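Trainee: this is the structure alone, sequence omitted:
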Ligand code: 13P
Ligand code: SF4
């Protein structure tokens with residue numbers, strides 16, 4: 001279908017069905033442009049929790065759809081491609097995580113939102129990269145904490161809070177691939193550029209960064225900082241909003257180790273397309289389902305995160 005036609009048809013279906021389209025910053029620019037809300041994982045959960053729409057179309061990955069479904073069990077939650085998974089969530093199988101938690105019964109369990117609903121069911125409080133530091137710091141310094149699944153994020157939070165959380169050894173295949181050498185080469189070409197990195201990157205990359213933050217925080221930093229050039233070490237979809245917000249600034253995607261591949265694009269996120277978004281609204285499928293018993297447990301740590309975030313004004 002011709003793109004203009006597709007845009008009109010998606011808009012028409014959205015209105016007819018009282019649907020809301022939510023998109024993560026890692027979606028392609030056409031999907032971001034048609035979405036009602038574009039945000040990071042925290043903002044998408046917050047928007048889902050308060051929407052009046054009958055249908056939520058979550059243009060992101062599966063765990064984001066699950067989070068929306070858990071928060072809105074009576075709404076239909078759709079995702080354009082049901083295979084849009086997450087390597088980080090997959091690095092933490094629920095049965096293995098349950099054994100890890102059982103082996104440390106005196107620990108509070110903090111899980112990154114990039115986890116399955118089943119892992120969230122074993123969790124005391126969920127965090128995103130926007131609020132992980134503040135939520136960890138909301139516990140007393142002597143609190144024993146398990147943090148999973150992202151090892152890089154966990155290490156980073158340990159380093160900035162002085163905590164010694166016990167970490168699960170998971171990683172995101174996109175963020176793990178950013179190369180220190182390649183970023184330093186770029187820095188020679190753009191010596192004035194500020195390096196902005198997502199905390200899922202390796203520690204060696206984070207050490208180079210002028211600013212470390214979630215996708216929303218990186219975007220805000222680029223908006224408010226007076227620098228004209230930025231090297232961005234996260235999934236390159238975020239550059240679309242950055243360029244829209246600051247058309248006069250230059251954003252350079254940090255290259256992965258292997259510059260012959262587009263490894264700074266999340267292949268899962270990029271499974272969603274405008275055509276699939278249209279089909280998904282038209283046919284109201286694929287739909288996200290979460291087992292009722294799991295959802296009843298998983299909603300508690302998600303709500304706890306939303307409550308703490310609201311209290312902290314995040
Ligand atoms: P944000 O919390 O910044 O949205 O990050 C989500 C994510 O999947 C990063 O890879
Ligand atoms: Fe998961 Fe990494 Fe893709 Fe984010 S970029 S959705 S952490 S695989």
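Mentor: Ah, there it is. Model, not experiment: these values are computed from the prediction. Ligands and ions are numbered 1, 2, ... in the order given.

Trainee: ok, now which ones touch the one residue sitting closest to the centre of the chain?
Mentor: Within the chain, the residue whose C-alpha comes closest to the C-alpha centroid is residue 41; the distance, by CA atoms, centre = their mean, is 4.3 Å. When contacts are counted by CB atoms under 8 Å, 6 or more residues apart in numbering, residue 41 touches 24, 64, 67, 113, 114, 128, 129, 130, 214. Glycine gets a C-beta too; all of them are placed from N, C-alpha and C.

Trainee: also residue 164?
Mentor: Residue 164 touches residue 158, counting by CB under 8 Å, 6+ apart.

Trainee: in the stretch 151-300 of the chain, which spans are helices?
Mentor: Applying DSSP state H, counting those that start in this stretch to the stretch 151-300 of the chain gives helices spanning 151-161, 180-189, 203-208, 215-224, 238-245, 274-283, 292-311.

Trainee: turn the ones you listed into TSV, including mean neighbour count and distance to residue 13.
Mentor: As requested, the helices of the stretch 151-300 of the chain are exported to TSV (neighbours: other CB atoms under 10 Å; distance: least, CB to CB, whole Å):
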stretch	mean neighbour count	distance to residue 13
helix 151-161	20	37
helix 180-189	14	42
helix 203-208	17	41
helix 215-224	19	27
helix 238-245	18	23
helix 274-283	18	4
helix 292-311	17	27
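
Trainee: report pLDDT for the residue nearest to the centre of the chain.
Mentor: Per-residue pLDDT puts residue 41 at 95.

Trainee: before we move on, what about residue 214?
Mentor: With respect to pLDDT, residue 214 scores 97.

Trainee: quick one: what helix or strand has residue 45 in it?
Mentor: helix 41-50 (DSSP states H and E).

Trainee: can that helix be said to contact ligand 2?
Mentor: No: against ligand 2, helix 41-50 shows no contacts by CB under 6 Å from any ligand atom, the least distance being 8.6 Å.
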